[in-house]
Each structure stands twice: as C-alpha cells, then as structure tokens.
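S.K.: Turn this into a structure:
(one chain, ligands or ions: 2)
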Amino acid sequence: MSAASSESTAVSPATIAFIGGGNMARSLIAGLVARGTAPASIRVAEPVEALRDSLRADYGVVTVADAAEAIADAGVWVFAVKPQVMRTVCDAVAATAAETDPLAVSIAAGITSAQLDRWLGGDRAVVRTMPNTPALLGAGITGLFANPRVSDAQRDAAERILATAGETVWIDDEALMDAVTAVSGSGPAYAFLLAEAMQAAGQAQGLPEDTARTLAAQTLLGAARMLVESGETAEVLRKRVTSPGGTTQAAIETFEAGGFRALVDAAITAATRRGRELSAAND
Ligand SMILES: NC(=O)C1=CN([C@@H]2O[C@H](COP(=O)(O)OP(=O)(O)OC[C@H]3O[C@@H](n4cnc5c(N)ncnc54)[C@H](O)[C@@H]3O)[C@@H](O)[C@H]2O)C=CC1
Ligand SMILES: O=C(O)[C@@H]1CCC=N1
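M.R.: Ligands and ions are numbered 1, 2, ... in the order given. Take a look at the predicted model:
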C-alpha cells in the first residue's frame, strides 16, 4: 500500500490512525469502540505482532505493522509511542502529513506541540494531550492543548476521542502540560503506591492479605467517589472523618509530622521537571 495517497479526497476526517498500539492506545481504543466508534474506522500501526493480534481480536480494529499504512486515509493521527521514539516516528510520516494535512494528536509525556509541528514538517495542526490509565474504564481524565493551527472542528474531534476515556480539561498555557502530566498522568501510580502501603501496613497489623487488599482498594474507591460526587473539598471531607482525639487524628498527625505534604510536593515537582527533561532529551 502506498504511504502517501495522491488523492486527498481519500482521506477521511472520521478515520483515526493510532501510531503505537501499546497500553495507552489500547485504553483509548477500548473507550472509542465501547462508545460507538466503528472499529473499521480505526487503524493501528504497531510493530509487535502479539499486540496487533490482541487489538484485532478484542476490538475488531484494523492493525498494520507500519505507520505508513495506517495513516494513508486517516484524518486524525494519534501518536501513542514513547517520547524517546517520537521524533523518528514523526520523521517517517512527515511527507504524508504535508500531503494530507491531518490533525496530529499526541499523548506523549513531555513532547511539545512545537516539536511535533516541526518534526511533521511545519504548519501542522497539533493537539497535545495527557490522558491516564483509568481511561481503560472510561474513568480517566485528559488534559488537552491545541496549537493555533487547530480548527474548531479539529478541537472537537480531539475532544470527542479523548472524552471516550473520561473527563477532559483544556489547558491554555502549554507550559502547564508538564504539571498536568505530573498530577493526573502519573497520578494513578501515586494512588496505587498508597494502596500498596496501606495493604502492607494492614498486614503488619495482622490482617490477612486478601482482607487488607480489599479494605485498602475499596476505601480508595469510596473516598475518590466522595471527592468527585459530594461537591465538597478534600479538606472538609478529611476533617469529617477526623474525630478529635480519635484514631484518624493519630494517623493524620503522624503523616503531617513525617512531612507528607512536602513529600507529595517534591514528587510532583520531580515529575514536572522530568517532563521538561523528556522534551529536551528527545529533541
Ligand atoms: N502509561 C501511562 O500511564 C501513560 C502514558 N502516556 C504516554 O503514552 C505513550 C505510550 O505509552 P504506553 O502506552 O504506556 O507505552 P507502550 O510501550 O505500552 O506503547 C508504545 C507502543 O509503541 C510501539 N511502537 C514503537 N515504535 C513504533 C513505531 N515506529 N510505530 C508504531 N508503534 C511503535 C511499541 O511497540 C509499543 O507497543 C508515551 O508517550 C507515554 O508518555 C500518557 C499518559 C499515561
Ligand atoms: O511515566 C510516564 O512517563 C507516563 C506519562 C504519564 C504516565 N506515564
């Protein structure tokens, strides 16, 4: 199949090409198909055969080994590869981008819209996004930034794709996308770390492993639902659990004395800095 279709009319704005069919692409594809996007309108370029096979088997999407085949007739290209290979991947498809003028959507940490625009040959419509893994359940959140070349229709198209993964929030200042990455892109891992630590501490107090795991997981789920559904702040909800002189106060004072807030701040600062480093290191 030719990489660059000479007939631009063959390009469909409704056809979505994923370049990279790994974990995050799989989550987004699951959301798109579950919410009604025709699998035949989704192309996935993924070099690993086993991943291609499972995407085709699970979602009925069209899978190919090479990006050139996936992008030929697609109006939207979703770049879902690691930041470290993004430049090489863009170089390989830049000539087609110049011919077909697609909307380029990236989910890569760190990589800026200006880099993507430049690597795709310049004057390209680019939406830089940062989803997270709860996308797999439609319970994710994605930050999005559009460069000035993106039309209203393309903005809507990007929003529709990422909305299948959960909530969306547009960011006007791209410099803040590294902070979005640090808070919500990486954030599920922080919740899982807390769950691991709560489970281990519960086991250390004598609880059976399964019981400790269920107690920790269900507690995080319930607390997260209260945060989202009650309309109250985390501080108010925390104080309501904390009876004066009670068990929670004993725990919270221990967290505060151990520098919990400063530690979270340092962690999110480190993740934000790493996003900037990924941009510079892969330019
Ligand atoms: N894992 C996460 O929680 C999140 C990841 N991201 C971003 O998503 C991107 C992908 O991350 P994951 O899905 O976790 O990684 P992954 O490693 O699971 O997926 C990347 C896929 O790209 C494929 N690939 C490599 N070279 C390719 C090429 N030339 N053409 C087509 N495919 C190629 C790989 O075989 C792999 O399957 C990264 O840029 C990451 O920053 C964004 C939000 C959250
Ligand atoms: O750790 C990472 O670099 C990616 C981006 C956000 C979540 N995972």
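
S.K.: Every contact and neighbour count from this point should use C-alpha atoms.
M.R.: Fine.

S.K.: I'd like the distance between the spatially closest residue to residue 183 that is not a sequence neighbour and residue 78.
M.R.: The spatially closest residue to residue 183, leaving aside those adjacent along the chain, is residue 268, at 6.6 Å (CA to CA, 6 or more residues apart in numbering). Residue 268 sits 26 Å away from residue 78 when distances are taken as CA to CA, to the nearest Å.

S.K.: what about the strands in the stretch 1-150 of the chain?
M.R.: 12-19, 42-45, 62-64, 74-79, 103-106, 125-130, 140-146 (DSSP state E, counting those that start in this stretch).

S.K.: By neighbour count, which bits of the helix or strand harbouring the residue nearest to residue 183 are buried? Give me those.
M.R.: Taking DSSP states H and E as the definition, one finds residue 268 inside helix 260-281. By 16 or more other CA atoms under 10 Å, the buried positions in helix 260-281 come out as 268, 269, 271, 272, 274, 275, 276, 278, 279.

S.K.: wait, is residue 169 part of a strand?
M.R.: Yes: using DSSP: H, G, I helix; E, B strand; the rest coil, the assignment for residue 169 is a strand.

S.K.: Wait, it touches residue 146, no?
M.R.: No: with the criterion set as CA atoms under 8 Å, residue 169 and residue 146 do not qualify as a contacting pair; they are 11.6 Å apart.

S.K.: So which of those two has more stuff around it?
M.R.: Neighbour count, other CA atoms under 10 Å: between residue 169 and residue 146, residue 146 has more, with 23 against 15.

S.K.: and the closest residue to residue 131 other than its chain neighbours, how far is that from residue 237?
M.R.: The shortest distance from residue 131 to any residue that is not its chain neighbour, by CA to CA, 6+ apart, is 4.0 Å, and that residue is residue 142. With distances taken as CA to CA, residue 142 is found 25 Å from residue 237.

S.K.: For the closest residue to ligand 2 within the stretch 1-150 of the chain, which non-adjacent residue is closest in space?
M.R.: The nearest approach of the stretch 1-150 of the chain to ligand 2 comes at residue 109, 4.9 Å away (CA to the nearest ligand atom). Excluding the flanking residues, the one nearest residue 109 by CA to CA, 6+ apart is residue 275, at 6.1 Å.

S.K.: can you pull the contacts of the one you found?
M.R.: Under the criterion of CA atoms under 8 Å, 6 or more residues apart in numbering, the neighbours of residue 275 are 109, 110, 111, 178, 181, 182.

S.K.: What distance do you get for it to residue 283?
M.R.: As defined by CA to CA, residue 275 lies at a distance of 13 Å from residue 283.

S.K.: which parts of the stretch 101-250 of the chain sit against ligand 1?
M.R.: Taking CA under 6 Å from any ligand atom, the part of the stretch 101-250 of the chain that reaches ligand 1 is made up of 107, 108, 109, 130, 131, 132, 133, 185.

S.K.: If we use 5 Å, what do you get?
M.R.: If contact is defined as CA under 5 Å from any ligand atom, the residues of the stretch 101-250 of the chain in contact with ligand 1 are 108, 109, 131, 132, 133, 185.

S.K.: neighbours around the spatially closest residue to residue 173 that is not a sequence neighbour, how many?
M.R.: What sits nearest to residue 173 in space, not counting adjacent residues and going by CA to CA, 6+ apart, is residue 145, at 7.7 Å. Using other CA under 10 Å, residue 145 is surrounded by 26 other residues.

S.K.: Number the chain from 798, please
M.R.: Understood, numbering begins at 798; the last thing we discussed is residue 942.

S.K.: There's contact between residue 942 and residue 972 in this structure, I believe.
M.R.: No: the pair formed by residue 942 and residue 972 falls short of the contact definition of CA under 8 Å, at 9.8 Å.

S.K.: Now do the helices in the stretch 948-1080 of the chain.
M.R.: 949-960, 974-977, 984-1001, 1006-1026, 1031-1038, 1044-1054, 1057-1078 (DSSP state H, counting those that start in this stretch).

S.K.: Pick the most deeply packed of those.
M.R.: Neighbour counts (mean count of other CA atoms under 10 Å) averaged over each of the helices of the stretch 948-1080 of the chain peak at helix 974-977, with a mean of 24.

S.K.: Does that one reach ligand 2?
M.R.: No: if you take CA under 5 Å from any ligand atom as the test, helix 974-977 misses ligand 2, and the best it gets is 9.2 Å.
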